[in-house]
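Q: Take this sequence and fold it.
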Amino acid sequence: MSNLGLDAMLISQPESRRYLSGFTGQDTPPLDSAGYLLITASKALLLTDGRTVEQAEKEAAEYQVVRIDTRLPDTLAQILPGMGLSRIAFEGNHLTIRLYEEVKAVVEPNTLLVPTYDLVDTMRAVKEPGELEALRDAVALADAAFAHLLGIAKPGVTERELAWEIEAFLRTDGSEGVAFNPIVASGPNASMPHHVPGDRPIQAGEPIILDWGARVKGYCSDITRTVVIGEADEQFKRLYSVVLEAQTRAEQRIRAGMTGAKAYSLAQKVMAAAGLGEELAHSLGHGVGLAIHEKPYLRKTSEEVLEDGMVFSIEPGVYLPGWGGIRIEDLVTLRGGKPIVLTRSPKQLEAMEV
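A: Numbers count the residues shown, from 1 in each chain. Got it, this is the predicted structure:
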C-alpha cells in the first residue's frame, strides 16, 4: 500500500477477506452481512453486521470489529472522518458499481477512491505451508470420492443421481461442502465442458466426464476423470491417449519461471500434432485455493510467471459435438522449481473402463 501511495485498502472479495483476516463470514444477501476489511497503516477494521459480530471477534482476533447497523456506506460515513485518509483503494474487479458509487458519495470530496486490480489475488497465488496442507486434505477427499464412484457407476444411473452421490460422499466423509456443483456429463452431453447434470441415464460404451472437488478449511480441490462403463471403443481409446499424453507432457515439463502461456503450449502442441485443433477448447489450467478459480491462469495469452508454492490444475480436453468429450484433470504444485502432482486417482485407460 505504501509503495502505491495508498492510505487504506477496502477489501470486499470474500476469499481475500478470509485470507487476510481469518473471518469465514456467511456470504448471504445482503452482502454487507459477509463483512469488509478496511486496512490502514495503523488500523485493521472488520466491518460486519450484527448477525456475525461474535463470529468475527472470535475468528479475526487481530481486527477491530465494527458493526454495520444499516449499510456499509453509512458506516463508513461515521468512521472515516478524523482518520485522515486521502486515498482509499478498492478491489476494482470485485466491488459492484452500485456499491462503488454509494461509497464514493460518502467519502468524497476529501478522500479519493482508487481502483486496484489483483493486489491480494496475487498474494494468494503462492500458498503457505498451512494452505498446502489444507489443499492436500481436500485433494485426498476428492480421490476417495473417485474410488467410491468406480463402485457405483453402472448403466441406468442418471447424471443427476451420480452427481448427488459425489456430493453426499464428500459431505459425509469430512468436506465442508462441494468446491463447486459436480459435473457429470455422459455421452453427447460430454461435448459441453460445463454441462449441468440432468436426468439422462448413463450408458455402456460412452464417455462420461466426472468433475468434482472437496473443500477443507476453506480450500478447494478440483479433479476430472473420464470413464467408460464396459469396453471403450477405438474412438475413445485414440482420443483418450492423446489427452493423457498432453497432460503428462505438461505435468512433466512445467517449471517455475515459465509463463502461463508457455505451460499452455506444452499440452497444446501435443493436441495439435494429433489433429485435434490448433488451440485447446479452454485454458490448460487455473489456480486453486480459497476460490476454485484464481491465479495463476495457464492459457494462451497468460504472461503470469509460475512460482514455487503455486497450486493449479492441468486439465486438457477434447470435445466433439454429437459424440462427447474427454477431460483429465489433476492438481499440481511447484516445489524446487518442479511440478509435484497432488492428485492420486488413477487415470490409465484400464482403470477408466469400469
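
Q: Return, as residue ranges, the portions of the chain with sub-threshold pLDDT.
A: 26-33, 351 (pLDDT under 70).

Q: Helices along that one, start to end?
A: Using DSSP state H, the helices of the chain run over 14-21, 53-59, 72-79, 97-107, 119-125, 129-152, 159-172, 234-253, 260-273, 349-352.

Q: Residue 342: which of those helices is closest?
A: Closest of those to residue 342 is helix 129-152, at 4.7 Å (criterion: Cβ to Cβ). C-beta coordinates here come from the backbone N, C-alpha and C atoms, glycine included.

Q: and that closest one, what other elements does it pack with?
A: Counting contacts by 3 or more Cβ pairs under 8 Å, 6 or more residues apart in numbering; DSSP states H and E, helix 129-152 is packed against helix 159-172, strand 208-212, strand 215-216, strand 219-220, strand 223-227, strand 330-335.

Q: tell me, how many neighbours does residue 52 end up with?
A: For residue 52, the neighbour count with other Cβ atoms under 10 Å is 21.

Q: re earlier: in JSON lines, list the helices of the chain along with mean neighbour count and distance to residue 40.
A: What follows is the helices of the chain, written out as JSON lines (neighbours: other Cβ atoms under 10 Å; distance: least, Cβ to Cβ, whole Å):
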{"stretch": "helix 14-21", "mean neighbour count": "21", "distance to residue 40": "13"}
{"stretch": "helix 53-59", "mean neighbour count": "15", "distance to residue 40": "18"}
{"stretch": "helix 72-79", "mean neighbour count": "17", "distance to residue 40": "11"}
{"stretch": "helix 97-107", "mean neighbour count": "14", "distance to residue 40": "14"}
{"stretch": "helix 119-125", "mean neighbour count": "18", "distance to residue 40": "15"}
{"stretch": "helix 129-152", "mean neighbour count": "18", "distance to residue 40": "26"}
{"stretch": "helix 159-172", "mean neighbour count": "18", "distance to residue 40": "40"}
{"stretch": "helix 234-253", "mean neighbour count": "18", "distance to residue 40": "43"}
{"stretch": "helix 260-273", "mean neighbour count": "20", "distance to residue 40": "34"}
{"stretch": "helix 349-352", "mean neighbour count": "14", "distance to residue 40": "54"}
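
Q: now the helices and strands packed on helix 129-152 as JSON lines including distance to residue 77?
A: Shown next, in JSON lines, are the helices and strands packed on helix 129-152 (distance: least, Cβ to Cβ, whole Å):
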{"stretch": "helix 159-172", "distance to residue 77": "42"}
{"stretch": "strand 208-212", "distance to residue 77": "45"}
{"stretch": "strand 215-216", "distance to residue 77": "36"}
{"stretch": "strand 219-220", "distance to residue 77": "36"}
{"stretch": "strand 223-227", "distance to residue 77": "47"}
{"stretch": "strand 330-335", "distance to residue 77": "44"}
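
Q: Ok, which of the ones you listed comes nearest residue 268?
A: Nearest of those (Cβ to Cβ): strand 330-335, 16.9 Å.

Q: Which one of the helices of the chain lies nearest to residue 324?
A: Closest among the helices of the chain, using Cβ to Cβ: helix 234-253, at 8.4 Å.

Q: which residues touch the one residue sitting closest to the centre of the chain?
A: For the chain, residue 292 is the residue whose C-alpha lies nearest the centre (Cα atoms, centre = their mean; 1.2 Å). For residue 292, the contacting residues are 179, 180, 213, 220, 222, by Cβ atoms under 8 Å, 6 or more residues apart in numbering.

Q: again with residue 198
A: 158, 159, 160, 189.

Q: how about those in JSON lines, adding distance to residue 207?
A: Below are the contacts of residue 198 laid out as JSON lines (distance: Cβ to Cβ, whole Å):
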{"residue": "158", "distance to residue 207": "16"}
{"residue": "159", "distance to residue 207": "13"}
{"residue": "160", "distance to residue 207": "18"}
{"residue": "189", "distance to residue 207": "9"}
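
Q: if I read this right, residue 267 contacts residue 314, doesn't it?
A: Yes: counting by Cβ atoms under 8 Å, residue 314 is a contact partner of residue 267 at 7.5 Å.

Q: Show me this structure divided up by domain.
A: 8-124, 126-352 (automatic domain parsing).

Q: which one of the ones you listed lies closest to residue 2?
A: Short answer: domain 8-124, nearest of those by Cβ to Cβ, at 7.3 Å.

Q: now the closest one, how far from the centre of its chain.
A: 23 Å (Cα atoms, centre = their mean, to the nearest Å).

Q: one step back: of the contacts of residue 198, which is the nearest to residue 60?
A: residue 160 (38.9 Å).

Q: Quickly list what the residue lying closest to residue 63 once chain neighbours are set aside is bridged to.
A: Nearest residue to residue 63, sequence neighbours excluded (Cβ to Cβ, 6 or more residues apart in numbering): residue 46, at 4.1 Å. As for beta bridges, residue 46 partners with residue 37, residue 65 under DSSP bridges.
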